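J.: Model the structure of this input:
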Amino acid sequence: MTADPARTELKLHDDPRLLAAVGAVVSHSAHRVGLTQDAREALAEAAVDACRETFPLLRNENSGDRELRMVVEDFPDRVQITIEHSGEAVPTAGLDSFVGGGKAGVAAGISNSLQDTRVDRVQYDTHEGRSRMTLIKYRDGRKANV
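T.: I've put the predicted structure just below:
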């Protein structure tokens with residue numbers, strides 16, 4: 001665990017070879033925060049799945065819009081993964097959900113891959129044609145207070 005936050009930014013094109021790098025960056029940040037091996041692997045898998053599920057939503061208009069912007073930040077108590085893109089907004093845009101794994105209700109609109117990894121929080125928003133999804137995993141697995 002570290003007290004100094006770190007931030008890594010990636011710009012990704014729809015190339016499956018790049019997804020291994022996504023998993024490695026997320027796993028490294030999760031390790032710095034002190035997550036267990038299982039939690040690190042689950043969070044990395046959630047990030048890779050989120051990228052995979054977002055690539056089909058990208059705009060085709062110009063090459064600058066055919067990429068995802070991903071920011072991985074680690075803090076003393078959590079890892080945050082933000083995936084931003086231009087293109088089709090996710091159906092649950094604006095939903096601020098707390099995911100406990102496979103639960104119905106507010107989590108029903110979140111992909112099974114994210115629910116199954118037990119990401120602690122998923123936030124969606126859109127602004128000026130940009131969609132943003134943030135995955136949050138807390139070190140101690142706690143859910144954020146509403």
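J.: Now the lengthiest helix in the chain: buried residues?
T.: Using DSSP state H, we find that the single longest helix of the chain is helix 37-54. By neighbour count with 16 or more other Cβ atoms under 10 Å, helix 37-54 contains the buried residues 39-51, 54. The way it works is simple: take the backbone N, C-alpha and C, and place the C-beta from them, glycine included.
J.: For residue 119, state which of those is nearest.
T.: residue 46 (5.2 Å; Cβ to Cβ).
J.: Isn't the closest one up against residue 121?
T.: No. Between residue 46 and residue 121 there is no contact under Cβ atoms under 8 Å: 11.6 Å.
J.: so what's in contact with the two at the same time?
T.: Shared contacts of residue 46 and residue 121, defined by Cβ atoms under 8 Å, 6 or more residues apart in numbering, comprise residue 135.
J.: on that earlier part again, give me the helices and strands touching the longest helix of the chain, please.
T.: Applying 3 or more Cβ pairs under 8 Å, 6 or more residues apart in numbering; DSSP states H and E, we find helix 37-54 packed against helix 19-33, strand 67-75, strand 78-86, helix 112-116, strand 130-138.
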